[in-house]
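S.K.: Task: produce atomic coordinates for the following.
(one chain, ligands or ions: 2)
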Amino acid sequence: MFITGILKGLWVTIKTALFRKNVTLQYPKERRDHPYRGLQKVNTKECIVCGMCARSCPVNALKIEQKAGREKTRNADDYDFMVNTGSCMWCGLCEEICPKHAMHLTNVYEMADYTREKLIRKIN
Ligand code: SF4
Ligand code: SF4
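M.R.: Ligands and ions are numbered 1, 2, ... in the order given. This next block holds a predicted model:
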């Protein structure tokens, strides 16, 4: 009984060591290519600056700021869309709620930086 248990355990170890396909990648040389919820991107041609994306954000990570010297318009080029990647939890609500499908979460996921200020990124 005792020996059978040891042999079973050994068999699992040998099977895993020799036959199981690796699930880890040699990052950064290798990267997964399946979709992530990564850094947002605003399509300024479609966006109507309704602000629903920013209002829907549960952690206030998304801000729409009027550019200096620009009029208040419905043109997204007159605004800076900023996301705080240090607060964002990649829930995707901002993308889901956009009535014009102008907000997208991209595959960009490498956003680490050394200061909090640099974590705030422009997405339009
Ligand atoms: S919800 Fe869509 S259309 Fe409205 S401001 Fe955000 S990106 Fe633009
Ligand atoms: S993904 Fe979620 S947390 Fe991040 S900016 Fe959009 S709504 Fe906010």
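
S.K.: Would you mind measuring from residue 101 to ligand 1?
M.R.: For residue 101, the distance to ligand 1 (Cβ to the nearest ligand atom, to the nearest Å) stands at 8 Å. Any C-beta I mention is one placed from the backbone N, CA and C, and that applies to glycine too.

S.K.: What's the local residue count around that residue?
M.R.: Residue 101 is flanked by 11 other residues according to other Cβ atoms under 10 Å.

S.K.: what about the strands in this protein?
M.R.: 40-42, 62-66, 79-84, 103-105, 120-122 (DSSP state E).

S.K.: closest to residue 91 out of those?
M.R.: strand 103-105 (9.5 Å; Cβ to Cβ).

S.K.: what's in contact with the closest one?
M.R.: The contact list for strand 103-105, computed with Cβ atoms under 8 Å, 6 or more residues apart in numbering, reads 36-43, 47, 53, 90, 92, 94-95.

S.K.: any bit of that strand sitting next to ligand 1?
M.R.: Yes - using Cβ under 6 Å from any ligand atom, strand 103-105 reaches ligand 1 at residue 103.

S.K.: Start from the N-terminal end of the protein and give the helices.
M.R.: For the chain, the helices defined by DSSP state H cover 2-19, 52-56, 93-97.

S.K.: Export these to CSV and append columns for mean neighbour count.
M.R.: As requested, the helices of the chain are exported to CSV (neighbours: other Cβ atoms under 10 Å):
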stretch, mean neighbour count
helix 2-19, 9
helix 52-56, 18
helix 93-97, 18
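
S.K.: quick one, what contacts the residue lying closest to residue 93 once chain neighbours are set aside?
M.R.: Distance criterion Cβ to Cβ, 6 or more residues apart in numbering; nearest residue to residue 93, sequence neighbours excluded, is residue 56 at 4.8 Å. Contacts were defined as Cβ under 8 Å, 6+ apart; by that measure residue 56 touches 93-94, 96-97.
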